[in-house]
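Colleague: Quick one, what's the 3D model for this:
(chains A and B, ligands or ions: 2)
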Amino acid sequence: MSVIARIAVQVFKESVRDKVLYNLVLFAVLLIAASYLIGQLTAGQDVKIIKDLGLAATQIFGLFIAVFIGIGLVSKEVERRSIYGLLAKPVRRHELILGKYAGLVLTLAVNVSVMAVALYAVLGYMSWVETEEFRQSWDASATDPAMLTAILLIFVQLMLVTAIALFFSTFSSPILSAVLTFGLFVVGHFNADLRNFEGVVDSPVAASLARALYYALPNLAPFDVKAQVVHGHAVPFGYVAATSAYAAAYICALLLAAMLIFSRRDFK
Amino acid sequence: MARYAIRLTELTKDYPTGFWRPRPVRALDQVSLDVEPGEVLGYLGPNGSGKTTTLKLLMQLIYPTSGRAEILGRPAGDIEAKRRLGYLPELPYFYDNLTAEELLVYFGGLFGLAPAVARTRASTLLDRVGIGAERRRRLRRYSKGMLQRVGIAQALVNDPEVVFLDEPMSGLDPVGRRDTRELIQSLRGEGRTVFFSSHILSDAEALCTRVAIMVKGRLVSTGRLADLAFEVQGWELVVSGGERGDLAGLGLDAVTTTVSDGRHVIELPFDRPPDQVLPELSRLRFQVVSLTPRHESLEDYFMRLVASRQEPAA
Ligand SMILES: Nc1ncnc2c1ncn2[C@@H]1O[C@H](COP(=O)(O)OP(=O)(O)OP(=O)(O)O)[C@@H](O)[C@H]1O
Ligand SMILES: [Mg+2]
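Modeller: Ligands and ions are numbered 1, 2, ... in the order given. Reported below is the predicted structural model:
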């Protein structure tokens, strides 16, 4: 096993032991289950609301895991000085970054899968208890496989957020990294507005600044295909591929920057 | 094979301080030092003299401002060199959620050890540093001294040729100190090169083949302990026979202790060398039992160097 793989496995093992992670996953599963009750209470009695809530819960809790574990991965090692012992082992600094990243992506994959299984279980149960004619009124079947597309894109988005968290944590404190990552997550969803902003303002300086920001900041809105999936609209494969390619490029850039910064740092 | 296990060449490190008006602190100033394979080098100096800085440069945890640090003929940070070295950081800290055993197995894995091999090695090493059943407990619950022992164990997980120990005795109780001293002695017996820092000189006195003394970021002295210029501060003269009262006549009463069997132990000060005193004593029918020069201790030597370094600055 390579050094990167060993570090990744260690990250996974440690996060599995982390109470924070258990609580987050448990809470997410509970929420997904509760969405069933909420669905019962609302007049429409539709699967839409459960799908919507369940996917949102998967995303938000995934986000918490990505940020809270992601920022700790590197900055805690530095702050608590455990990095001294680790870097004296035959580990190159960039391998440490890649191993940590891979480990967290593995953790996220497992957790997103758990949440997906919980969501399908709730939806399957609902589909099972409802009458056939009621099921006919739904836009898409309760256990519509298209939801997997939405979950996949959520996962890809979380991979991107993890890379952002890791990037910040290579040079700033855990708290600052968390704030910056959440900040970018929010900004990333409104990124497209920067494009429009360009047309609204007169000043050419402001316009080009808006354009620069539009290209530099991560664009996270395209990963959100909840609404389409919930309403039974197809998400074309080309769209998923293009969005994932965008994420891959962005992640590579972030990891490269993180490795560069980390390789030059003094650990004092 | 490399001629030197460790080689520092004009190693210099400035720490940047001050945000608005940067005024770098020179923590290490042109330090050059060679350590041969099999040596146990005591890297000594008072607080803030640059010992930890040197070790961090050797581990490439920090980068030098100028100069070079090499281990086994390779530059600091080289992966092949890292495979063959062990490092105990100052006040080591590892991972709260791992047990001592798991930590060693993880680190062993980073050296490419198979899990079964790493587990066997972990258990041998933890025995060796005196971590018993508590090796199955998470490191969160370890005391400072226990962490220090785990730190020593993890530094040896790859059976290293060169071992770097930053203040290995700190945080240890007397038993721990004795154990660690014995451990370093056994590392020496196994032919490993040991580079350890300390400001406790008695540790060095007992262990080192050679010491290097750092003061304010500069290497001020290196050598075999026996060759270092220890000043003779006086002599201990043991005599028997004669009358105690006669010693008072020679002005030696204040420095004399009479021990049970009619012997007198005279602590001769530096300004009363034995060749002046001995003829008088033999005239008064004293017999010489023994005469030993009293050297300054490593501690005194050290303080003298520190003082001489500080004067020009004042
Ligand atoms: N991160 C840092 N930033 C600025 N100055 C530093 C930093 N680390 C160390 N120094 C300075 O560098 C000098 C050497 O420090 P170093 O830690 O190497 O000393 P030391 O010999 O290990 O001391 P000790 O016996 O206390 O462990 C000191 O003057 C210290 O103040
Ligand atoms: Mg130190």
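Colleague: And for residue A:59, the neighbour number?
Modeller: Residue A:59 has 24 neighbours, counted by other CB atoms under 10 Å in any protein chain shown. Using the backbone N, CA and C atoms, a C-beta is placed for each residue, glycine as well.
Colleague: Kindly report the same for residue A:207.
Modeller: For residue A:207, using other CB under 10 Å, the count is 15.
Colleague: That one touches residue A:196, doesn't it?
Modeller: No - in this structure residue A:207 lies outside contact range of residue A:196 using CB atoms under 8 Å: 11.1 Å.
Colleague: ok, residue 267 - contacts?
Modeller: I'll assume chain A. A:78, A:81, A:83-84, A:87, B:56, B:61-62 (CB atoms under 8 Å, 6 or more residues apart in numbering or on different chains).
Colleague: looking at chain B here, not the other one
Modeller: Here residue B:267 is in contact with B:234-237, B:255-257, B:294 (CB under 8 Å, 6+ apart).
Colleague: Need the buried ones from these selected in ChimeraX.
Modeller: In ChimeraX, a selection of the buried entries from the contacts of residue B:267 looks like this (16 or more other CB atoms under 10 Å in any protein chain shown):
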select /B:234,235,237,255,256
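Colleague: Narrow the contacts of residue B:267 to those in strands?
Modeller: B:234-237, B:256-257, B:294 (DSSP state E).
Colleague: wait, which of these is closest to ligand 1?
Modeller: residue B:294 (28.6 Å; CB to the nearest ligand atom).
Colleague: Nearest spatial neighbour of that closest one, chain-adjacent residues omitted?
Modeller: residue B:234 (4.6 Å; CB to CB, 6 or more residues apart in numbering or on different chains).
Colleague: and if you look at residue B:97?
Modeller: residue A:17 (5.2 Å).
Colleague: Please report the distance of residue A:135 from residue A:141.
Modeller: Per CB to CB, to the nearest Å, residue A:135 is found 7 Å from residue A:141.
Colleague: Find residues that contact each of the two.
Modeller: Residues touching both residue A:135 and residue A:141 (CB under 8 Å, 6+ apart) are residue A:127.
Colleague: ok, what's across the strand from the residue in the stretch 201-314 of chain B that ligand 2 sits nearest to?
Modeller: At 10.3 Å from ligand 2, residue B:214 is the closest residue in the stretch 201-314 of chain B, using CB to the ion. Counting by DSSP bridges, residue B:214 is bridged to residue B:219.
Colleague: For it, give me its contacts.
Modeller: B:31, B:43-45, B:49-51, B:54, B:220.
Colleague: can I see the domain layout of chain B?
Modeller: Domain assignment for chain B, taken from automatic domain parsing, gives B:6-227, B:232-295.
Colleague: Relative to residue A:248, how far out is residue B:121?
Modeller: Counting by CB to CB, the gap from residue B:121 to residue A:248 is 40 Å.
Colleague: Compare neighbour counts for the two and give me the winner.
Modeller: With neighbours defined as other CB under 10 Å, residue B:121 and residue A:248 compare such that residue B:121 has more, 21 against 13.
Colleague: Need the contact partners of stretch B:6-23.
Modeller: A:268, B:24-35, B:41, B:50, B:53-54, B:57-58, B:62, B:64-71, B:73, B:162, B:193, B:195.
Colleague: near ligand 1, anything from that stretch?
Modeller: Yes - Stretch B:6-23 lies within reach of ligand 1 by CB under 6 Å from any ligand atom, at B:15, B:17.
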